[in-house]
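>>> 3D, please:
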Amino acid sequence: MKYTLYIISVIALLLSGCNHPQETIFEGRVKRETISVAPKYAGRIEHLGVQEGDIVQLGDTLAILNIPEVEAKKQQAEGAVHAATWQYQMAVHGATPEQKNQVSAMFNAAKEQFEFAEKSLERVRNMYNDSLVAPQAYDEALTKYLMAQSQYEGALAKREEVMGGLRDEQVQMALGQKQQAEGALKEAKVVFSERFLIAPKEITIETISLHEGELALPGYNIFVGYDAQSTWFRFTVNEAHIAKFKQGKTYEITLPFESNRVIKATLVSVNELAKYGNRSSSYPNYEPGQAVYELKLQPLNPDEASHLFTNYTVNLTIQ
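Numbering: from 1, shown residues only. Now for the predicted structure:
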């Protein structure tokens, strides 16, 4: 009789086990997106405005670089813009009254010299025809006449240019030089603004790789931090259990060190970890040759997980 009762008890225990599937607990970690801040141009760190562990907001100044070459280029560009602007204004408005009077005086003087040289040449030619002067005197008079004629024609052309106004091509050329100088100044101002390393968003500063006075090279990450608004949970699962998870489904994440508080999260992606070095978890419960997958779950309410530290331990229970 006792043996029969024992058999019945064992069968009842087995049946109860079948009705309540065994639960599997997966241990994961809290993760956040990494944000790196690097300079675009080389310079020495003049001032550090944050420390490791600080929480900075969008637009906060993290550091100030000293770039003497940029300041010099900015001054050169400002001078070029100043000169090109006045050159363009002169091309648009033409010559001033004083310049016009000066050109007119130069033209009148050249005209009088030309007329005098013309009369002198006529007298010497008549005397040369009558054999009253030597050929040398005639050649000298002819040379002076030709020189006076060239000066007169040059003064006439200059007067017509000044009095008639500048050509449109000259105005457009001056405008192009002005725009080129303004573009160089704009570029110098952009480079000058790169002296300030600005926080791209709200982040927690984890690492500062350089100190004041050290040289920062272009692209070298000076600040590395975590995006506080990008909290998610990472789990590694072998192929024996991956069928229990469905992308888009909501699961309950347990915080074992906070009285098993629960945070609901959605499975957003499942990726196979092809490299052995990426197959990391607290309890690597997979056999050699098994495929391992990374589960990424995002909390439905990000504020519930914003206070959690990076790499904080969390649990996920699956039946």
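>>> And for residue 295, the neighbour number?
Applying other CB atoms under 10 Å, we find 23 residues neighbouring residue 295. To be clear about C-beta, it is placed using only N, CA and C from the backbone, and glycine gets the same treatment.
>>> Now do residue 299 against residue 254, distance only.
Note on residue 299: its distance to residue 254, by CB to CB, to the nearest Å, is 13 Å.
>>> again, but for residue 110
Counting by CB to CB - residue 110 and residue 254 are separated by 102 Å.
>>> Compare these two (neighbour count), which wins?
Between residue 110 and residue 254, counting by other CB under 10 Å, residue 110 is the more crowded of the two (21 against 18).
>>> so that one sits right up against residue 158, yeah?
No: here residue 110 does not reach residue 158: they are 9.4 Å apart, not a contact under CB atoms under 8 Å.
>>> quick one: low-confidence ranges for the stretch 201-319 of the chain?
275-289 (pLDDT under 70).
>>> Name the residues linked to the closest residue to residue 203 other than its chain neighbours by a beta bridge.
Of all residues beyond its chain neighbours, the one nearest residue 203 is residue 225 (3.9 Å), with distances taken as CB to CB, 6 or more residues apart in numbering. Beta-bridge pairing of residue 225 under DSSP bridges involves residue 35, residue 205.
>>> what about residue 225, neighbour count?
28.
>>> For it, give me its contacts.
34-35, 37, 56, 203-207 (CB atoms under 8 Å, 6 or more residues apart in numbering).
>>> Give the helix, strand or coil label for the most centrally placed residue in the chain.
Centroid-nearest residue in the chain: residue 40, 7.0 Å away (criterion: CA atoms, centre = their mean). Secondary structure, DSSP: H, G, I helix; E, B strand; the rest coil: residue 40 is coil.
>>> Phi first, then psi, for it.
Main-chain torsions, residue 40, degrees, to the nearest 10: phi -90, psi -30.
>>> correct me, but it touches residue 192?
No: Residue 40 is beyond contact range of residue 192, at 11.6 Å (criterion: CB under 8 Å).
>>> shaky segments in the stretch 51-200 of the chain?
88, 90-97, 99, 161-171.
>>> Show me the strands in it, by range?
Taking DSSP state E, counting those that start in this stretch as the criterion, the stretch 51-200 of the chain contains strands spanning 55-56, 61-66, 196-198.
>>> Who are the packing partners of the shortest one?
Just to be clear, that refers to strand 55-56. strand 203-208 (3 or more CB pairs under 8 Å, 6 or more residues apart in numbering; DSSP states H and E).
>>> so after the strand it packs on, what's the next helix or strand?
Using DSSP states H and E, the helix or strand that follows strand 203-208 towards the C-terminus is strand 215-216.
>>> Centre of the chain to that following strand, how far?
Remark: strand 215-216 is offset 18 Å from the chain centroid, using CA atoms, centre = their mean, to the nearest Å.
>>> what does it contact?
Outside strand 215-216, the residues that reach it (CB under 8 Å, 6+ apart) are 39, 42-45, 65, 210, 222.
>>> What pairs with it, parallel or antiparallel?
Short version: by DSSP bridges, strand 215-216 pairs with strand 43-48 (antiparallel).
>>> quick one: buried residues of the partner strand?
43, 45, 48 (16 or more other CB atoms under 10 Å).
>>> what do you get for stretch 149-160?
151-152, 155, 158-159.
>>> residue ranges for the helices of the stretch 1-150 of the chain, please.
2-19, 68-93, 97-129, 135-164 (DSSP state H, counting those that start in this stretch).
>>> My guess is residue 212 contacts residue 45. True?
Yes: under the contact definition of CB under 8 Å, residue 212 touches residue 45, with a separation of 5.1 Å.
>>> Contacts only, for the closest residue to residue 44 other than its chain neighbours.
Using CB to CB, 6+ apart and skipping the chain neighbours, the partner closest in space to residue 44 is residue 66 (4.8 Å). Each residue near residue 66 by CB under 8 Å, 6+ apart is listed here: 43-46, 195.
>>> I'd like the residues you listed laid out as TSV, including distance to residue 124.
Shown next, in TSV, are these (distance: CB to CB, whole Å):
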residue	distance to residue 124
43	76
44	78
45	83
46	79
195	75
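>>> And the buried residues of stretch 149-160, which is closest to residue 176?
residue 158 (24.4 Å; CB to CB).
>>> didn't that closest one look like it was pressed against residue 104?
No: using CB under 8 Å, residue 158 is not in contact with residue 104, being 10.0 Å away.
>>> ok, back up a step: just put the contacts of strand 215-216 in JSON lines and tack on distance to residue 137.
Below are those laid out as JSON lines (distance: CB to CB, whole Å):
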{"residue": "39", "distance to residue 137": "79"}
{"residue": "42", "distance to residue 137": "75"}
{"residue": "43", "distance to residue 137": "75"}
{"residue": "44", "distance to residue 137": "77"}
{"residue": "45", "distance to residue 137": "82"}
{"residue": "65", "distance to residue 137": "78"}
{"residue": "210", "distance to residue 137": "86"}
{"residue": "222", "distance to residue 137": "86"}
